[in-house]
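Undergrad: Just a sequence and a predicted model for now, questions to come.
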Amino acid sequence: MNLQQLRYLNEIVRHELNISDAAAALYTSQPGVSKQIKLLEQELGFDIFIRSGKRITAISEPGKTVLQIAQRILHDTHNLKQVGEDFHSQDSGTLTIATTHTQARYALPAIVKQFIKQYPKVKLSLHQGSPTQIAQQVLSGEADLGIATESLTLYDELVTLPCYEWNHCIIVPPKHPLLNEKKLTLAKIAQYPIITYDFAFSGRGKINAAFDAQHLNPNIVLTAIDADVIKTYVELGLGVGILAQMAFIPERDKHLRMINADHLFKASTTRIAIRGNEHLRGYAYHFIKLFAPHLTRAVVDKAMNR
């Protein structure tokens with residue numbers, strides 16, 4: 001039994017039991033992966049996978065236990081490497097952040113600029129995706145940190161910490177009738193076609209809940225995962241936009257107007273996610289503190305060790 005076999009096992013599961021895809025991700029051959037898994041099964045004395053011919057169809061019950069142990073071992077091995085790297089080189093390495101378009105485009109640029117200035121030897125990568133994809137990347141170890149507003153708290157294996165609260169706003173073209181309203185209401189907004197986020201993104205659940213609470217059925221004509229796409233179609237006059245307030249920049253969005261909607265929608269909370277029992281490099285703690293100053297190393301460690 002060796003670490004290579006455990007990596008092969010984990011990668012097969014990560015690629016939905018497709019050995020060819022796992023082998024490609026590991027830069028090795030399919031027969032080589034299959035042989036190592038067979039050797040591991042022979043040593044253990046039972047089948048980790050259920051097969052139909054040469055195709056893997058499921059994980060056996062004892063195989064699920066093996067997988068859990070293998071993932072713990074691989075995680076601890078990763079942590080040991082992190083400790084060694086921290087000791088030998090505190091200001092160089094890699095840091096991968098999985099996040100949404102809105103965070104990457106509007107919340108992170110100033111933070112990234114400051115971080116790169118302080119840690120020029122650290123290779124920083126931003127992976128954009130849906131909140132579910134972000135959580136999975138952190139869980140699998142593809143990303144060191146995840147930043148999103150939705151879904152992260154649904155995963156017990158993740159430690160999630162609140163970073164900041166934000167609100168939605170309404171955006172319209174200049175001279176739109178809603179600009180003349182003294183007190184904007186959801187009923188008045190619902191009179192127009194609406195362009196907003198896809199359900200999984202940027203507090204969309206809060207938008208739906210607000211309309212539902214007033215028994216309104218808004219005409220949502222277009223959804224997108226990208227705030228810039230929403231603004232583009234609002235500018236074309238196709239509807240009223242409901243947008244994360246951070247995504248409206250007056251000096252750039254000169255052909256649009258923003259209406260405050262703090263009183264219409266509940267605030268959303270952006271969170272940072274870390275895999276449980278992860279050993280973070282020193283510069284990762286620094287990145288977290290740059291993004292959310294209240295999340296000091298002591299606060300993060302306390303949350304990680306619960």
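TA: Structure's in. What do you need?

Undergrad: alpha carbons only for contacts and neighbour counts from here, please
TA: Noted.

Undergrad: What distance do you get for E181 to K175?
TA: For E181, the distance to K175 equals 12 Å [CA to CA, to the nearest Å].

Undergrad: okay, and the common contacts of these two?
TA: Common contacts of E181 and K175 (CA atoms under 8 Å, 6 or more residues apart in numbering): none found.

Undergrad: residues touching I12, list them.
TA: N18, I19, D21, A22.

Undergrad: which SS state does it fall under?
TA: Classification of I12 by DSSP: H, G, I helix; E, B strand; the rest coil places it in helix.

Undergrad: Dihedrals phi and psi, the closest residue in space to it that isn't next to it in sequence?
TA: Nearest non-adjacent residue to I12, counting by CA to CA, 6 or more residues apart in numbering: A22, 5.1 Å away. Backbone geometry at A22, expressed as degrees, to the nearest 10, gives phi -60, psi -40.

Undergrad: A22: how many residues sit nearby?
TA: Using other CA atoms under 10 Å, A22 is surrounded by 24 other residues.

Undergrad: just for this structure, where's the confidence low?
TA: 79, 82-90, 202 (pLDDT under 70).

Undergrad: Contact partners for the residue nearest the centre of it?
TA: Geometric centre of the chain, nearest residue: I134, 2.6 Å, by CA atoms, centre = their mean. By CA under 8 Å, 6+ apart, I134 lies in contact with A98, T99, T100, Q128, G146, I147, A148.

Undergrad: Give me the buried subset of these.
TA: Among those, those buried by neighbour count (16 or more other CA atoms under 10 Å) are A98, T99, T100, Q128, G146, I147, A148.

Undergrad: What is the nearest of those to V240?
TA: Using CA to CA, the shortest approach to V240 within the buried ones among the contacts of I134 belongs to T100, at 22.5 Å.

Undergrad: C-alpha coordinates for the helix or strand containing L222, PDB please?
TA: In the assignment (DSSP states H and E), L222 maps to strand 220-224. Written as PDB, here are the backbone C-alpha positions of strand 220-224 (Å, rounded to 0.1, in the frame of the first residue of the first chain):
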ATOM      1  CA  ILE A 220     -37.600  37.900 -15.000                       C
ATOM      2  CA  VAL A 221     -36.800  37.900 -18.700                       C
ATOM      3  CA  LEU A 222     -33.100  37.300 -18.500                       C
ATOM      4  CA  THR A 223     -30.600  35.800 -16.000                       C
ATOM      5  CA  ALA A 224     -26.800  35.800 -16.000                       C
END
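
Undergrad: Does the nearest residue to L6 once chain neighbours are set aside lie in a helix or a strand, and which?
TA: In this structure, L6 finds its nearest non-sequential neighbour in A70, 5.6 Å apart by CA to CA, 6+ apart. Taking DSSP H and E as the definition, A70 sits inside helix 61-88.

Undergrad: Show me where the stretch 1-150 of the chain has its strands.
TA: Using DSSP state E, counting those that start in this stretch, the strands of the stretch 1-150 of the chain run over 49-52, 55-59, 92-99, 121-128, 145-148.

Undergrad: got the CA positions of the helix or strand H286 falls within in CSV?
TA: Following DSSP H and E, one finds H286 within helix 282-291. Output of helix 282-291 as CSV, limited to C-alpha atoms (Å, rounded to 0.1, in the frame of the first residue of the first chain):
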residue,chain,number,x,y,z
GLY,A,282,1.4,32.3,6.4
TYR,A,283,0.7,34.4,3.3
ALA,A,284,-2.8,32.7,3.1
TYR,A,285,-3.6,34.1,6.5
HIS,A,286,-2.4,37.5,5.3
PHE,A,287,-4.7,37.3,2.2
ILE,A,288,-7.7,36.5,4.4
LYS,A,289,-6.9,39.5,6.6
LEU,A,290,-6.5,41.8,3.6
PHE,A,291,-9.9,40.7,2.4
